[in-house]
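Asker: got a structure for you, letters missing:
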């Protein structure tokens, strides 16, 4: 089976898992619950929960303790998109071929839906503690692993992770002076790579991996996340609109600075290759069956859409 088909099949399985964690659309707060579920079920690659699950499996993780975190990371990613699409941010009316949440439910309800998804993500992740009780006996080591995973989730999603990157990105768009390469790398690392780092680190933590392995996973995920974003920048210049399913050249039209505009196309391609080779090398230093992970990472980094 080809990698695209494998990704599609795994994404469908994750979609089914997500539905088991959706809040029921009832009560006086029903509208915000509908908006949350509308946003979460808008499709997508389900990349972050997939990376978390596959890292967990690769390192010998057993059981269902990872599943609440898989749902939680996708909720956090989704809330960031809901807020990104708002008029105060990117003011987008469509995402993945569907009207954005603020267009369907109004700007006020979209803000609340994003807030709701973020809070509900941590409520969902904490359900992993239920997997730490066997025959009414609390397993201390599992409790510690879940607590460590929650710490990583909060850190990578917050002001020192994704939100920090979003802040730098928003401020950069409102300034006339050019971005430096250092500033752009900060944005890519925090806005894009941080949740990918969280996904792979949490998969490792919950599998019982040691700290050296967790550190390697963080670096591997950093390489993947930054390369993924640089490839986005490249595709916006040379991609095929029919393949991408969206117009190309939007960055240039909007005057947005990217890795390509700062360093040029050839250096951008070279950096993607360097980061992807390093990510695969790190995977090869870890124990376990990493074949699917290597194929997945290579596909994501060198994708054409």
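Answerer: Done, it's in. What you see is a predicted model, and the numbers here were worked out from it, not measured in a lab.
Asker: Tell me where the stretch 1-150 of the chain has strands.
Answerer: Under the criterion DSSP state E, counting those that start in this stretch, strands of the stretch 1-150 of the chain are mapped to 94-95, 98-99, 133-134, 137-138.
Asker: Going by mean pLDDT, which of those comes out lowest?
Answerer: Note on the strands of the stretch 1-150 of the chain: strand 137-138 shows the lowest mean pLDDT, a mean of 50.
Asker: Low-confidence regions, this structure specifically.
Answerer: The model of the chain has pLDDT under 70 over residues 134-140, 239-255, 305.
Asker: run the last query once more with 90
Answerer: 1-2, 43-45, 90, 95-97, 131-142, 172-179, 236-257, 287-288, 300-305 (pLDDT under 90).
Asker: Just give me the longest helix of it.
Answerer: In terms of residue count, the longest helix belonging to the chain (DSSP state H) is helix 211-238.
Asker: got a list of contacts for the helix or strand hosting residue 185?
Answerer: Element membership for residue 185 (DSSP states H and E) is helix 181-187. Applying CB atoms under 8 Å, 6 or more residues apart in numbering, the set of residues contacting helix 181-187 from outside is 165, 168-169, 172, 226, 257-259, 262-263. The way it works is simple: take the backbone N, C-alpha and C, and place the C-beta from them, glycine included.
Asker: Looking at these, state which has the most neighbours.
Answerer: Within the contacts of helix 181-187, neighbour counts (other CB atoms under 10 Å) peak at residue 259, which reaches 24 neighbours.
Asker: How far away from the center of its chain is the longest helix of the chain?
Answerer: Here the centre of helix 211-238 is set off from its chain's centre by 11 Å, with CA atoms, centre = their mean, to the nearest Å.
Asker: What is it packed up against?
Answerer: With contacts taken as 3 or more CB pairs under 8 Å, 6 or more residues apart in numbering; DSSP states H and E, helix 211-238 sits against helix 194-207, helix 250-253, helix 259-263, helix 265-284, helix 291-301.
Asker: Run a quick neighbour tally on residue 154.
Answerer: The number of residues packed near residue 154 is 15, by other CB under 10 Å.
Asker: Could you do residue 7 as well?
Answerer: Counted with other CB under 10 Å, residue 7 comes out at 19.
Asker: And for residue 27?
Answerer: Residue 27, neighbours per other CB under 10 Å, totals 10.
Asker: one step back: out of the helices and strands packed on helix 211-238, nearest to residue 145?
Answerer: For the helices and strands packed on helix 211-238, proximity to residue 145 was assessed by CB to CB; helix 194-207 is nearest, at 5.6 Å.
Asker: and that closest one with helix 265-284, angle?
Answerer: 10 degrees (axes from the mean of the first three to the mean of the last three CA atoms, to 10 degrees).
Asker: What are the neighbouring residues in contact with residue 230?
Answerer: Contacts of residue 230 (CB under 8 Å, 6+ apart): 188, 259, 268, 271-272, 275.
Asker: Out of those residues, flag the one nearest to residue 177.
Answerer: The nearest one, if we look at the contacts of residue 230 relative to residue 177 and count by CB to CB, is residue 259, at 17.8 Å.
Asker: Contacts only, for that closest one.
Answerer: 184, 188, 229-230, 233-234, 268, 271.
Asker: of all these, which comes closest to residue 32?
Answerer: The nearest member of these to residue 32, counting by CB to CB, is residue 229 at 30.9 Å.
Asker: do you know how far the closest one is from residue 73?
Answerer: 18 Å (CB to CB, to the nearest Å).
Asker: and if you look at residue 35?
Answerer: Distance, residue 35 to residue 73, by CB to CB: 20 Å.
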